[in-house]
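[1] could you look at this predicted model? Sequence included:
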Amino acid sequence: GETHAAALSTLGFPELKRVYDKTHAAADGYETTIVARWGDPLVAGLPDFDGSTVAAAEQEKRFGYNCDYIAFLPLPKGSVNSDHGLLCVNNEYISPNVMFPGVTEDDAGKTMSKEQVDLGLAAMGHSIVEVMFKDGKWQTVEDSPLNRRITANTEMTVSGPAAGHALLRTSADATGTKVLGTSYNCSGGFTPWGTVLTCEEGVSDLFGGDPKKAPTADILDRYGFDGSDIYGRGRFHDRFNIDKEPNEPNRFDWVVEIDPYDPQSKPVKRTALGRMSHEASTVVLNKDGRIVVYMGDDDYFEYMYRYVSNKAYDKANPASGNGLLDDGVLSVARYDADGSLTWLPLVHGQGKLTAENGFADQAEVLLKTRLAADALGATPMDRPEDIETNPVTGRVYAVMTKNKKRDESKVNPANTRPENLWGHIVELIPPGGRGAEADHTADKYAWDLFVLCGNPKDTKVGATFHPETSDNGWFVCPDNITFDPAGRLWVATDGANDFGLPDGVYGVDTEGAARGLPKLLFTCPHGAEATGPCFTPDGTTLFLSVQHPSEDAETLDKAQSLWPDFRDGQPPRPSVVAIRRKDGQPVGA
Ligand code: FEO
Ligand code: CA
Ligand code: CA
Ligand code: CA
């Protein structure tokens, strides 16, 4: 068992014993510091944070709620420093039941006050904060001019083929190019030119009104709009009421590009990357200089996408990145039983994507990305979350978190288990060679199932981890992933709580004797998921978002853990943590 496993794995740490507790835990020899909590100040001079009374206007100057994707962008720009940089962090959503006394998850949309609704608008989006490793620990720079909040109110522009389209115009914006805000910012990516991509993961329940009565009812239906307005926005702001502003929904579910090095820059919604419940947008600089973006659409039976820029990026001229995400080809994945994967281009005029079939132009193909992908026969997946490339091998790993809705009649070669409660990871193999030689622009890849997740001892689950996987090492519901500089995969989970287990972070070799053998490094406190794993360039720090602690409590007074401050009368606080080896060696070395 465990001793043999330790000998096989390239991961040198003693595996953590899995305990589901009020607080977090890391493997022996590792230390965890809290770097940025919900409500931490991003400007100097704010009063002490009081989570029970914070006002919306003040929240705009404080770190947002439910941290998710993290990018570490070194300072100064262009360096590979690992002790100074910008943490660019998504703030995916809010958990009203553990923010506001007496509010439950089910009635929040109907009972939240205007002040609480506006706090919600200000607490979601993205937070940029300068951080330094100083005196042995990571700390934020409270008065940095680069600190910034992007919220559901921040003005942004729209670019690419759908910019200005009639379906993007509203009474507040006749141009169809100026949108207020971003929401449900889940995972993301970063570009070689120093920008961050934040993904809007399906805003279908953030709007009130009746989507069935809207002129675009068919599109709203395909994108899951149900009028449920779960944070009460539609009660106080007309733009979140479909009856009053039927086109406002079309201005969301895009990928947004932010330049964190320029605090005056306006975020840009890049429509060429398609419209879906965007989970991640992982960027690869292909060997020929073209920019490739891998994307998952995180919903039941949705698809995997890839974007390839038409022009090449010039490393000597970072400004050449501007526009590369507006001009390119979006494709969707079809997996075949012969082990091949075909990228099907979503290009107006090709195949079924014609005016006769409801796609008047490329803007409509993008606005209705899901419908276009349906028409091409893409492969429905088990909720595609993160996708990342192994920097050493060039292989691409795509996470399917779970899909309880798949039945026997709907299994396919890449999604083999009915009622998949445990998730799996697919391995994509581009042609061309290892590492930088891999051709991420090819029309055809090979693919394999890397691991089917779940408890290996429960034979009906059918998990396929390495046979030496320990009782602490197997996992369920993989969500976000990243690679360390040595090419080991790190998996953050979201959903283990349903099995009475903590969510956490696991390191896994993807090749060699320990391929598919995970080891547990870190566990989250009660009710939280692990998300946004991100290494510094030298691999010595692993940043991680601990999202929605105690969210499973019916109401705040029943919260099982007031992590990380444990102050009576104060709500728990989603936070970014830094995990380091105590001796400063790379994580997992
Ligand atoms: Fe926001 Fe797909 O997790
Ligand atoms: Ca999440
Ligand atoms: Ca996620
Ligand atoms: Ca998830």
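    Ah, there it is. Ligands and ions are numbered 1, 2, ... in the order given.
[2] now stretch 179-193: buried residues?
    179-193 (16 or more other C-beta atoms under 10 Å). C-beta coordinates here come from the backbone N, C-alpha and C atoms, glycine included.
[3] which one of those is nearest to ligand 1?
    Cys186 (3.4 Å; C-beta to the nearest ligand atom).
[4] I figured the closest one hits Asn90, correct?
    Yes. Counting by C-beta atoms under 8 Å, Cys186 does reach Asn90; the two are 6.4 Å apart.
[5] anything in contact with each of those two?
    Asp68, Tyr69, Cys199 (C-beta atoms under 8 Å, 6 or more residues apart in numbering).
[6] look up which helix or strand the first one falls in, please.
    With elements taken from DSSP states H and E, the one containing Asp68 is strand 67-74.
[7] mind listing what the residue of the stretch 301-450 of the chain found nearest ligand 3 touches?
    At 5.1 Å from ligand 3, Glu385 is the closest residue in the stretch 301-450 of the chain, using C-beta to the ion. With contact set as C-beta under 8 Å, 6+ apart, Glu385 has these partners: Ser187, Glu279, Ala280, Gly296, Asp298, Val399, Met400, Thr401, Pro478, Asp479, Asn480.
[8] which of these count as buried?
    Using 16+ other C-beta under 10 Å, the buried ones in these are Ser187, Glu279, Ala280, Gly296, Asp298, Val399, Met400, Thr401, Pro478, Asp479, Asn480.
[9] element containing the first one?
    Spelled out, that is Ser187. strand 185-190.
[10] could you give the mean pLDDT of the helix or strand just after that strand?
    Going down the chain from strand 185-190, the next helix or strand is strand 196-200, by DSSP H and E. For strand 196-200, mean pLDDT rounds to 98.
[11] for strand 196-200, packing partners?
    The contact analysis (3 or more C-beta pairs under 8 Å, 6 or more residues apart in numbering; DSSP states H and E) places strand 196-200 against strand 67-74, strand 84-91, strand 185-190, strand 255-258, strand 278-285.
[12] how about those strands in JSON lines, adding mean pLDDT?
    Output for the helices and strands packed on strand 196-200, formatted as JSON lines (pLDDT from 0 to 100):
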{"stretch": "strand 67-74", "mean pLDDT": "99"}
{"stretch": "strand 84-91", "mean pLDDT": "99"}
{"stretch": "strand 185-190", "mean pLDDT": "98"}
{"stretch": "strand 255-258", "mean pLDDT": "98"}
{"stretch": "strand 278-285", "mean pLDDT": "98"}
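[13] so Val491 sits in a strand?
    Yes. With DSSP: H, G, I helix; E, B strand; the rest coil as the criterion, Val491 is located in a strand.
[14] send me the strand holding Asp68 as CSV with only the CA atoms.
    The C-alpha coordinates for strand 67-74 follow below in CSV (Å, rounded to 0.1, in the frame of the first residue of the first chain):
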residue,chain,number,x,y,z
CYS,A,67,-12.9,33.6,-4.6
ASP,A,68,-12.3,31.2,-7.6
TYR,A,69,-9.7,31.3,-10.4
ILE,A,70,-6.4,32.8,-9.5
ALA,A,71,-3.7,34.1,-11.8
PHE,A,72,-0.3,35.2,-10.4
LEU,A,73,1.1,37.9,-12.7
PRO,A,74,4.7,38.8,-11.6
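[15] now the most centrally placed residue in the chain: closest residue in space, sequence neighbours ignored.
    The residue lying closest to the centre of the chain (C-alpha atoms, centre = their mean) is Ser187, at 1.5 Å. Distances taken as C-beta to C-beta, 6 or more residues apart in numbering place Ala280 nearest to Ser187, at 3.8 Å, with adjacent residues excluded.
[16] is it true that that neighbour touches Val396?
    No. Look at Ala280 against Val396 with C-beta under 8 Å: they stay out of range, at 11.6 Å.
[17] residues that sit against both of those two, list them.
    Contacts common to Ala280 and Val396, judged by C-beta under 8 Å, 6+ apart, are Tyr294, Ile387, Glu388.
[18] coming back round to it: would CSV of the shared contacts of Cys186 and Asn90 with distance to Ser331 and neighbour count be doable?
    Formatted as CSV, these follow (distance: C-beta to C-beta, whole Å; neighbours: other C-beta atoms under 10 Å):
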residue, distance to Ser331, neighbour count
Asp68, 26, 30
Tyr69, 23, 30
Cys199, 18, 30
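[19] export those to a markdown table and tack on distance to Arg62?
    Formatted as a markdown table, these follow (distance: C-beta to C-beta, whole Å):
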| residue | distance to Arg62 |
| --- | --- |
| Asp68 | 17 |
| Tyr69 | 19 |
| Cys199 | 23 |
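[20] returning to what we had before: taking the buried residues of stretch 179-193, tell me the two that lie furthest apart.
    Maximum pairwise distance in the buried residues of stretch 179-193, criterion C-beta to C-beta, is 29.3 Å, between Leu180 and Pro192.
[21] that older thread, between the buried residues of stretch 179-193, which is nearest Leu206?
    Ser183 (5.9 Å).
[22] from the shared contacts of Ala280 and Val396, which land in strands?
    Tyr294, Ile387, Glu388 (DSSP state E).
[23] residues contacting the residue nearest to Cys534 when sequence neighbours are not counted?
    In space, and not counting its chain neighbours, Cys534 is closest to Ile70: 4.1 Å by C-beta to C-beta, 6+ apart. Residues near Ile70 by C-beta under 8 Å, 6+ apart: Leu87, Cys88, Val89, Asn90, Gly532, Pro533, Cys534, Phe543, Leu544, Ser545, Val576.
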